[in-house]
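K.L.:
no sequence for this one, just the structure:
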């Protein structure tokens, strides 16, 4: 049995969402499954993340990409195979609500693939999202918001620390180190984009992704699945 682990992107601006995400994982996954945060300050201290980042008009800006970063884990997420070491490692953004046992997702994995994701066709209009963050369009947008890495797959050897720290983020988000046939596809319910994804009748989201803004952000308090978000937050705080 390969080691299994879950990694959740952490941004101090979204600490409430992180708590909800982690709680929803731990309450629904019926197996010992370590859940860890991807914390930028820790990765910098360990020498794994050394990209030049600055702030412009209150938003993080990545110098290599010459583009804004919506979260602190916009690029550091790709270090998950190095953090996990081996086995299957699941990364997810913190602005998600897990509604299913994640062992169902791990059970879908096949060793022939280097990574699994939902292959969204997501082209949001220009503007802002979340708490005033600039909406950026790029190839394969939101594919990388939930990724199941096969850390032992030889193709992932190309995802080196140097690569992660030297190429534009848009190249990493399109899985530039992989051939197309290395990327396995997950059903849409495993990364349901609120306001964008449409599921066939009878299918329910297993991971709800509040990609435009979580219910904890002004203007999104009553978005789809907000009631479950608030219920999970109350459960966590109890």
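P.N.:
Ah, there it is. Treat the numbers as computed from the prediction; the structure is a model and nothing was measured. Numbering: from 1, shown residues only.

K.L.:
what residue ranges in the chain are flagged as low confidence?
P.N.:
Scanning the chain for pLDDT under 70 picks out 122-138.

K.L.:
The closest residue to residue 213 other than its chain neighbours - how many residues pack around it?
P.N.:
Nearest non-adjacent residue to residue 213, counting by CB to CB, 6 or more residues apart in numbering: residue 220, 3.8 Å away. For the C-beta atoms, the positions are set from N, CA and C on the backbone; glycine is no exception. Neighbourhood size, residue 220 [other CB atoms under 10 Å]: 20.

K.L.:
how about the strands of this protein, start to end?
P.N.:
Using DSSP state E, the strands of the chain run over 4-9, 35-38, 53-56, 59-62, 67-69, 88-92, 96-98, 115-117, 128-129, 133-134, 146-150, 183-185, 192-193, 207-209.

K.L.:
Tell me which of the ones you listed is the most buried.
P.N.:
Highest mean neighbour count of these: strand 96-98, a mean of 27 (counted as mean count of other CB atoms under 10 Å).

K.L.:
who does it touch, helix- and strand-wise?
P.N.:
Contacts defined by 3 or more CB pairs under 8 Å, 6 or more residues apart in numbering; DSSP states H and E place strand 96-98 against helix 15-28, strand 207-209, helix 226-237.

K.L.:
for the last one, packing partners?
P.N.:
Contact partners of helix 226-237 among helices and strands, from 3+ CB pairs under 8 Å, 6+ apart: helix 15-28, strand 96-98.

K.L.:
Could you identify which of the ones you listed is most buried?
P.N.:
Most buried of the helices and strands packed on helix 226-237, by mean neighbour count (mean count of other CB under 10 Å): strand 96-98, with a mean of 27.

K.L.:
Contacts for it, please.
P.N.:
Residues outside strand 96-98 that contact it (CB atoms under 8 Å, 6 or more residues apart in numbering) are 17, 20-21, 24-25, 28-29, 92, 145-146, 191, 206-210, 225, 228-229, 232.

K.L.:
redo that, cut-off 7 Å
P.N.:
Contacts to strand 96-98, defined as CB atoms under 7 Å, 6 or more residues apart in numbering, come from residues 20, 21, 24, 25, 28, 207, 208, 209, 225, 228, 229, 232.

K.L.:
Tell me if I'm right that the second one and residue 93 touch.
P.N.:
No: using CB atoms under 7 Å, residue 21 makes no contact with residue 93, being 8.1 Å away.

K.L.:
ok so, going back, let me have the contacts of strand 96-98 in CSV, extended by distance to residue 56.
P.N.:
Below are the contacts of strand 96-98 laid out as CSV (distance: CB to CB, whole Å):
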residue, distance to residue 56
20, 29
21, 28
24, 33
25, 33
28, 39
207, 31
208, 31
209, 26
225, 32
228, 35
229, 30
232, 34
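
K.L.:
about what we covered before: can I get the helices and strands packed on helix 226-237 in JSON lines with distance to residue 182?
P.N.:
Shown next, in JSON lines, are these (distance: least, CB to CB, whole Å):
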{"stretch": "helix 15-28", "distance to residue 182": "26"}
{"stretch": "strand 96-98", "distance to residue 182": "24"}
